[in-house]
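Asker: next one to model:
(one chain, ligands or ions: 3)
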Amino acid sequence: MFRKKSRRLKIRKNRIWPTALLFLLMSAALFVVMLITGSVFISYLLDTKLSDSFETLNTMQKVWTDKGDKDPEHMSEFNMDCFILNNEGKTELMIGSDTCIRSASAEFSSVLQPDKEYLIYGDTESEVLVPEKGELEFKLTKFLSEVGRYLDENKDASIFTTGINSDNTIPNGSINIPIWISTGLSDGSGTIYARTVVSFNVNYVFAIIRIVLIVIVIYLVIFVLMLINVISNLRARNKLARQFYKDVTTGGNNRAYFFAKGEPAVRGRGNAKKRYAVLSIKLMNYLSFCVCHSVSEGEKLICRIYDTVNSKLARRELAAHFDSADFAALLAVNSDGELTARLGTLTEALESADSDHRLDFHIGAYMIDVQTDGSGRIKRRKELDLEECYNNAFAARESLPESGGSAYAFFDAKLVEEQKWTDTVVERQQRALESEEFVVYYQPKYDPRTDELRGAEALIRWQSPELGFITPYRFIPIFERNGFITEIDHYMLTHVAVEQKRWLDQGIHCVPVSVNISRAHFIEENLAEQIRDTVDSVGTPHGLIEIELTESAFFDDKQLMIETITRLKSYGFTVSMDDFGSGYSSLNSLKDMPLDVLKLDAEFFRGENCDGRDRIVVAEAIRLARSLNMRTVAEGVEVREQVDFLAEQECDMIQGYYYAKPMPKEEFEARLEVKEQ
Ligand code: C2E
Ligand code: CA
Ligand code: CA
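Answerer: Ligands and ions are numbered 1, 2, ... in the order given. Model (predicted):
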């Protein structure tokens, strides 16, 4: 009845955009990486190309700083075009290509003072310098004439030259990129700038451009292919998700959708203060509808019901068709009262979903309340399991009685406890049987007129090592539902037969012991033979075994029942009707059943009424039984007055606490021995 929580498959409906965006971001990152690699490569290239130029600039810087240094080594290192700025950024001296004169004066003509020394540097090979031709020539001419004049006048002056490049050729077939490079003077008095040229071979440059273009094209192709792949994957996935969540019969939402969509909604932060109700809805007469009409008509009906449920939903509420005639809904409701009202209208609408037939529905409801923390603040239902909520609604629905039209029920926590207990019992039943955890108790039956022990009823107890001592009311109904009762009854019959045989063999005077046989057995045609064979396999005389059949068993297959009783009697067993008076057609059954004993239900002897009308009924029942040649046993007799009354009415036996409660076999054996003395 109560489904265990199952693992749920979920397919998330993916939107294209987040994934595509992610892809774009990744592409951008890749592009940036490529850009960085490219620029590192280019700067590496430039560095190698410019290393000579920087070296020269550094030498210049050294020369400039070490004023007065005449070391010709510097001159040989220094080979570029330059100009020199002071700290204010003013040009102190500018000399054309490949020449630099160390001086403090701005005017070239005044630089060459007769009493001073000049260092003149030059380089005839430099390719890195791009002289501005006109100016260079002019300055060089001027410079050389000045130098010449100076040398003429000052024969002792030291002038060092390493050569002057007046013919700075730019290599042909190359691409030249002019670049300014600079370095600060180490004494902080200025900055030296130099203009240099980076030249690349044209063929080499074109080859690089071609490679870069090919890489870009390949990248773009891969990018487009990946994009197409991502988009088509996402579309396929979304299509799959739509199919996964689609109910085949109605074309609407299915079970997976209900949980996948409903759970995040109920858990959501924005919905924490809302109350929800989960409904489990079942069309009760679906199978008979299909049998009467057809399965396809039935499916059409299911579609109409699904539409009806949907038509009763507000925005953001949810409905789904689970399977067969089962539906689920998630409603947003403020109170139990509102839920009751909505259940009323929903049931009404559902009942008239088909104009030609009256439909019955069972609805179970489970309320999801607002959750609060210790300080009363509303908190999110982060841990909520919607499937568990649905199971609770389902359990509530299943608790409704089968017949009686449409109905709805609210979930009650007791239902879960009951279900847990049932699961525990079912889980352990077989092992308990095999390890003989079921124990036979005997409740003696006494003759109220003589107080003599006349018989007993075998009643089961479960002595479980884990669960303790359990009374039959807690497990017999479960075994009756799941069919395990047939094993139990066989177990009890065998144990009673064995005990009776043992007592008999020990010379103890035995009394008939009755064994309960559940109605579940009455589908077996050879029940009487099975009982006979079981008892015979032990070797117990049939007269010591009595078979108790509950009144409810008499409603099933009456003919089979009569035959079974007749055969049991023919084998020498006593047959009794248990709980007489608790049902409705007892009298009717008595008419046809060849029974030996009538057990009057304990209800007759309970409560305050037992000295009034009940007494009349009991007296008449005993009289009736006697006239039908049946003996009577009164059950549940607890007080002396009742015993006296029953003795007066000539009731044959009393089985009740007044005489004895059900007891273990040792105690019962002691009573048998007393009787024998
Ligand atoms: P039952 O067959 O009607 O058994 C009589 C029940 O009434 C027993 O409960 C017994 O302890 C109780 N009873 C007897 N006298 C008094 C009394 O004076 N006052 C009160 N308050 N109760 C009294 P128990 O043993 O708990 O069994 C309950 C039910 O469980 C039984 O009702 C029977 O229907 C079922 N059951 C017990 N053992 C078996 C079994 O071996 N097989 C089957 N199929 N059912 C069994
Ligand atoms: Ca009984
Ligand atoms: Ca009974």
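
Asker: going by C-alpha atoms from here, please, whenever you check contacts or count neighbours.
Answerer: Will do.

Asker: point out where the chain drops to low pLDDT.
Answerer: 1-20, 52-53, 56-57, 59-172, 178-181, 185-197, 551-556, 583-586, 607-611, 675-677 (pLDDT under 70).

Asker: other SSEs contacting the lengthiest strand in the chain?
Answerer: Identified as the longest strand of the chain according to DSSP state E is strand 452-464. Counting contacts by 3 or more C-alpha pairs under 8 Å, 6 or more residues apart in numbering; DSSP states H and E, strand 452-464 is packed against strand 438-447, strand 468-470, helix 485-505, strand 513-517, helix 665-676.

Asker: let's have the ones you listed in TSV, adding distance to residue 257.
Answerer: Converted to TSV, the helices and strands packed on strand 452-464 look like this (distance: least, C-alpha to C-alpha, whole Å):
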stretch	distance to residue 257
strand 438-447	46
strand 468-470	43
helix 485-505	40
strand 513-517	48
helix 665-676	59
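
Asker: out of those, which is closest to residue 382?
Answerer: For residue 382, the closest of the helices and strands packed on strand 452-464 is strand 468-470, at 37.7 Å, according to C-alpha to C-alpha.

Asker: now the helices and strands packed on strand 452-464 as JSON lines including mean neighbour count and distance to residue 378?
Answerer: Supplementary listing: the helices and strands packed on strand 452-464 in JSON lines, determined by neighbours: other C-alpha atoms under 10 Å; distance: least, C-alpha to C-alpha, whole Å:
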{"stretch": "strand 438-447", "mean neighbour count": "23", "distance to residue 378": "50"}
{"stretch": "strand 468-470", "mean neighbour count": "12", "distance to residue 378": "42"}
{"stretch": "helix 485-505", "mean neighbour count": "19", "distance to residue 378": "49"}
{"stretch": "strand 513-517", "mean neighbour count": "24", "distance to residue 378": "55"}
{"stretch": "helix 665-676", "mean neighbour count": "15", "distance to residue 378": "59"}
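
Asker: and of those, who's closest to residue 459?
Answerer: strand 438-447 (5.1 Å).

Asker: what is the neighbour count of the closest residue to ligand 3 within the stretch 551-677 of the chain?
Answerer: At 4.4 Å from ligand 3, residue 579 is the closest residue in the stretch 551-677 of the chain, using C-alpha to the ion. Per other C-alpha atoms under 10 Å, the neighbour tally for residue 579 reads 22.

Asker: which strand or helix spans it?
Answerer: Here residue 579 sits within strand 574-580, counting by DSSP states H and E.

Asker: buried residues of that strand, list them for me.
Answerer: Residues of strand 574-580 classed as buried by neighbour count (16 or more other C-alpha atoms under 10 Å): 574-580.

Asker: contact partners of that strand?
Answerer: For strand 574-580, contacts defined as C-alpha atoms under 8 Å, 6 or more residues apart in numbering pick out 543, 545-551, 565, 568-569, 586, 595-602.

Asker: and those residues, which are buried?
Answerer: For those, buried by 16+ other C-alpha under 10 Å: 545-551, 565, 568-569, 586, 595-602.

Asker: spell out which parts of the stretch 351-500 of the chain neighbour ligand 1.
Answerer: 459-460, 471-473, 489, 492 (C-alpha under 6 Å from any ligand atom).

Asker: reformat these as a markdown table; add distance to residue 397.
Answerer: Conversion of these to a markdown table gives the following (distance: C-alpha to C-alpha, whole Å):
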| residue | distance to residue 397 |
| --- | --- |
| 459 | 34 |
| 460 | 32 |
| 471 | 28 |
| 472 | 27 |
| 473 | 24 |
| 489 | 32 |
| 492 | 35 |
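
Asker: quick one: which of these is nearest ligand 3?
Answerer: residue 459 (10.2 Å).

Asker: next, count neighbours for the closest one.
Answerer: Number of residues near residue 459 (other C-alpha under 10 Å) recorded here: 19.

Asker: cool, and residue 311?
Answerer: By the criterion of other C-alpha under 10 Å, residue 311 has 12 neighbours.

Asker: rewinding a little: so for residue 536, which of the helices and strands packed on strand 452-464 sits nearest?
Answerer: That would be helix 485-505 among those, by C-alpha to C-alpha, at 8.8 Å.

Asker: for the closest one, C-alpha coordinates in CSV please.
Answerer: C-alpha atoms of helix 485-505 as CSV (Å, rounded to 0.1, in the frame of the first residue of the first chain):
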residue,chain,number,x,y,z
ILE,A,485,-1.8,-16.8,8.0
THR,A,486,-2.0,-20.2,6.3
GLU,A,487,1.5,-21.0,7.3
ILE,A,488,0.8,-19.9,10.9
ASP,A,489,-2.4,-22.0,11.2
HIS,A,490,-0.5,-25.0,9.9
TYR,A,491,2.3,-24.3,12.4
MET,A,492,-0.2,-24.0,15.3
LEU,A,493,-2.1,-27.1,14.3
THR,A,494,1.2,-29.1,14.2
HIS,A,495,2.4,-27.8,17.5
VAL,A,496,-0.9,-28.5,19.2
ALA,A,497,-1.0,-32.0,17.8
VAL,A,498,2.6,-32.6,18.9
GLU,A,499,1.8,-31.4,22.5
GLN,A,500,-1.4,-33.4,22.7
LYS,A,501,0.5,-36.5,21.6
ARG,A,502,3.2,-35.9,24.1
TRP,A,503,0.8,-35.4,27.0
LEU,A,504,-1.1,-38.5,25.8
ASP,A,505,2.1,-40.5,25.7
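
Asker: which elements pack onto that helix?
Answerer: Counting by 3+ C-alpha pairs under 8 Å, 6+ apart, the packing neighbours recorded for helix 485-505 are strand 438-447, strand 452-464, strand 513-517, helix 527-538.

Asker: and of the ones you listed, who's closest to residue 638?
Answerer: strand 438-447 (12.6 Å).
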